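1. Fold the following for me, if possible:
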Amino acid sequence: MNYKNINPEVENALRNNVPVVALESTIITHGMPYPENLKMVNEVEALIRQNNAVPATIAILDGVIKIGLTSYEVKKLSEKKGIKKLSRADLSAALANGDTGATTVSATMILAANANIKVFATGGVGGVHIGAENTFDISADLQELSQTPVIVISAGPKAILDLPKTLEVLETLGVPVVTFCQDELPAFWSRSSGLKSPLRMDTAKEIARSQLVREALSIPGGQLVANPIPIDAEIPLAKILPIIGKANLEAKKENIYAKDLTPFLLSKIFHYTQGESLKANIELVKNNARLACDIAASFIEEEKKF
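-> Below is the predicted model:
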């Protein structure tokens, strides 16, 4: 049984060594409200094409892996309520049962790698949630980064997380955390986290080459690239931290946890910032998509030397 459908535009690009950038679908279904989600994905896909690459938004539709959603499929997904959020643990069941679901960072990495797509742009990655020493709430994204060979470009781990613990887990798992053009790890909406980045690289070529060397050494996994949000779009850490704290208290009071926690927190933060967090989120995704195009192009060029 054929569980996979690759958009002809994506298939043609892969065959002809045209850069391809994967995009997740939970940012559409769980990260932003309609119609902002639809506007965002359309703008990001257009931006990727303007930067001489091909976008491949990934999702599961009626039990079929879609590598590169059509504009019609994106619109239907953005409008629909109650879409399942699919991680590594959910993929096979969703396919076997003919379900529709949006792919998280970990699931998108798996499906991108399966289609031989090496670069993936997103907003932020999951990590160790605040209070994880009691709840053990740690995103599957971290484990995935340690075993699936895809370069993930984000604005850093989401600021709603316990960032020091997230860095510690990534280090334990052997995941390179590379901040682009600055020494400090960014924190999603903020350029500053107060934490030194484990690695710094200043060019797309360095990032692509580093992944190729890992693969040549048979080291499993990808790389997490932390690309700071543009200065004019950021929400300073001092401003966003109290809001995150307030949202976390509400989540605890309402007993929100596991897969429901991140969408709940993002919704509350959107409310408390009067939409400012959503505007910042859209800008950082676009910024990450631009860098992803450069890395995807560099990967193709550098691969010829290996």
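2. contact partners of stretch 110-118?
-> Stretch 110-118 is contacted from outside by 4, 6, 10, 14, 20-22, 56, 58, 65, 67, 88, 91, 103, 120, 144, 148-151, 211, 296, 299, using C-beta atoms under 8 Å, 6 or more residues apart in numbering. The C-beta positions use only the backbone N, C-alpha and C, and glycine is treated the same way.
3. what's the spacing between it and its chain's center?
-> Once both centres are worked out by C-alpha atoms, centre = their mean, to the nearest Å, stretch 110-118 turns out to sit 14 Å from its chain's centre.
4. Quick one: end-to-end distance for that stretch.
-> Stretch 110-118 has its terminal residues 11 Å apart, counting by C-alpha to C-alpha, to the nearest Å.
5. And stretch 269-283, by the same measure?
-> With C-alpha to C-alpha as the measure, stretch 269-283 spans 16 Å from end to end.
6. Would you mind giving both backbone torsions of Thr179?
-> phi -90, psi 140 (degrees, to the nearest 10).
7. dump the residue contacts of it.
-> Taking C-beta under 8 Å, 6+ apart as the criterion, Thr179 is in contact with Gly156, Leu185, Pro186, Ser197, Leu199, Arg200, Met201, Val225, Ala226, Asn227, Pro228.
8. how about the third one, what does it touch?
-> Translated: Pro186. Ala155, Gly156, Thr179, Ser192, Ser193, Ala226, Asn227, Pro228, Ile229.
9. Show the buried residues in those residues.
-> If you count burial by 16 or more other C-beta atoms under 10 Å, the buried members of the contacts of Pro186 come out as Ala155, Gly156, Thr179, Ser193, Ala226, Asn227, Pro228, Ile229.
10. Looking at the residues you listed, which is nearest Leu38?
-> When those are compared for distance to Leu38 (C-beta to C-beta), Ala155 comes out closest, at 21.0 Å.
11. Quick check on that closest one: phi, psi?
-> The main-chain torsion angles of Ala155 are listed as degrees, to the nearest 10 and equal phi -100, psi 30.
12. ok, now which ones touch the residue lying closest to it once chain neighbours are set aside?
-> Nearest in space to Ala155, with sequence neighbours left out and distances taken as C-beta to C-beta, 6 or more residues apart in numbering, is Leu284 at 4.1 Å. Remark: with contacts taken as C-beta under 8 Å, 6+ apart, Leu284 is in contact with Gly123, Gly124, Ala155, Phe188, Trp189, Asn227, Ile229, Pro230, Ala233.
13. Tell me which helix or strand Leu284 sits in.
-> According to DSSP states H and E, Leu284 maps onto helix 276-303.
14. distance between that helix and the chain's centre?
-> 10 Å.
15. for the record, mean pLDDT for that helix?
-> Helix 276-303 shows a mean pLDDT of 97.
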